[in-house]
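Novice: the following block contains a protein sequence and its predicted model.
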Amino acid sequence: MKKYTTIAFDMGNTVIRFDHNISAEKIARLSELKHKEIYDMFFESDITIAFEKGEISTYEFHEKACRRLGVDVPYEKFIEIWNDIFWEDEGSCEIVRELKGKYRLILLSNVNRLHFEYIEKKFDIIKEFDELVLSYVVGAMKPDKKIYDDVVRRVDGDRDGILYIDDRADLVKAASELGIDSVRFETAEKLRDMLRFKKVI
C-alpha cells in the first residue's frame, strides 16, 4: 500500500458544490437569450476560460459577459449573481478536517478570481488547506500539465506521495497519466470508503 504525504482535492463539486443554473436563471430574467445559452457562457465559454486562466480582469469579464449576453447589469449586481451559486459538501468538508495535520492538503482548482475570493470569504473550509493551486493564479487550467506540475513542485517533486481527488473523470485521467495517483469523487461516503481502503484514514 502506498504511503501518501499529500492529499490534493479538487474544489468544485468535490469540496464546494455549485450550480451555474442558479445564476443563469437570474440572468435569463434580464436577457432575451435562452437559459441554456446563458448557462453555456457561464460554464465553459471562451470568456469564462480566459477568466479562469487569469487572462482578463474581473472588470473585463463583466464587460465581455454583458456584451455577449446582451444585458446591461451593473458590475456589483452582476458579481452578486455570478457568485451566489455555491454551498459546502458537508461530508467532504468533514473528511478534509479529519485529514488536516496528518497530510499536506492542497486545493487544486479551475476557478476564477471572483468565485474564489467569494468562496474563501464565505467557507471556512478553505483555511484547512496548506496550499492553494488555482488556475487563475497559475495561468493554466486542468487538464494542462502545467497546473499539475505546480502541485508536484510544491511537494518537492514527490509525485508518488500525492493522492488526487476530483469529480471529473477526464481530470482524474489526466493526472493519472502524469504519474499522480488519482481517484474520482462521487459522494463523501464513497470517498471515505476509498480512503479507508487505501489506509489514508
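Specialist: Alright, I've got the coordinates.

Novice: didn't residue 61 look like it was pressed against residue 79?
Specialist: No: using Cβ atoms under 8 Å, residue 61 is not in contact with residue 79, being 9.6 Å away. (Each C-beta comes from the backbone N, C-alpha and C, glycine too.)

Novice: anything in contact with each of these two?
Specialist: Here residue 61 and residue 79 share the contacting residues residue 114, scored by Cβ atoms under 8 Å, 6 or more residues apart in numbering.

Novice: show me which of the two is the more surrounded one.
Specialist: The neighbour count for residue 61 versus residue 79, taken as other Cβ atoms under 10 Å, is higher for residue 61 (22 against 18).

Novice: so how far is stretch 92-99 off the chain centroid?
Specialist: With Cα atoms, centre = their mean, to the nearest Å as the basis, stretch 92-99 stands 17 Å off its chain's centre.

Novice: report the buried residues of stretch 33-52.
Specialist: 33, 37, 38, 39, 41, 42, 45, 47, 48, 50, 51, 52 (16 or more other Cβ atoms under 10 Å).

Novice: where does the fifth one sit, in terms of helix or strand?
Specialist: Secondary structure assigned from DSSP states H and E places residue 41 in helix 35-44.

Novice: counting by contacts, list what that helix packs against.
Specialist: Applying 3 or more Cβ pairs under 8 Å, 6 or more residues apart in numbering; DSSP states H and E, one finds that helix 35-44 makes contact with helix 20-28, helix 46-52, helix 58-69.

Novice: tell me the helix or strand right after the strand or helix carrying residue 164.
Specialist: Assigned by DSSP H and E, residue 164 belongs to strand 162-166. Following strand 162-166 in sequence order, the next helix or strand is helix 169-177 (DSSP H and E).

Novice: run through who's touching that next one.
Specialist: With Cβ under 8 Å, 6+ apart as the contact definition, helix 169-177 has outside contacts at 10, 142, 143, 148, 164, 166, 182, 183, 184.

Novice: give me the domain ranges for the protein.
Specialist: 6-17+89-197, 20-83 (automatic domain parsing).

Novice: in TSV: those, plus mean pLDDT.
Specialist: Formatted as TSV, these follow (pLDDT from 0 to 100):
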stretch	mean pLDDT
domain 6-17+89-197	98
domain 20-83	93
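
Novice: out of the ones you listed, indicate the one that is most buried.
Specialist: Greatest average neighbour count among those goes to domain 6-17+89-197 (a mean of 18), per mean count of other Cβ atoms under 10 Å.

Novice: do me a favour and get the end-to-end distance for that one?
Specialist: Terminal residues of domain 6-17+89-197 lie 17 Å apart, using Cα to Cα, to the nearest Å.

Novice: ok, residues contacting stretch 8-20?
Specialist: 39, 42-43, 85-89, 92-93, 96, 105-111, 119, 123, 125, 129, 133, 151, 162-168, 171, 180, 185.

Novice: if we can go back for a sec, export the helices and strands packed on helix 35-44 as TSV, with columns for distance to residue 2.
Specialist: Converted to TSV, those look like this (distance: least, Cβ to Cβ, whole Å):
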stretch	distance to residue 2
helix 20-28	36
helix 46-52	31
helix 58-69	40
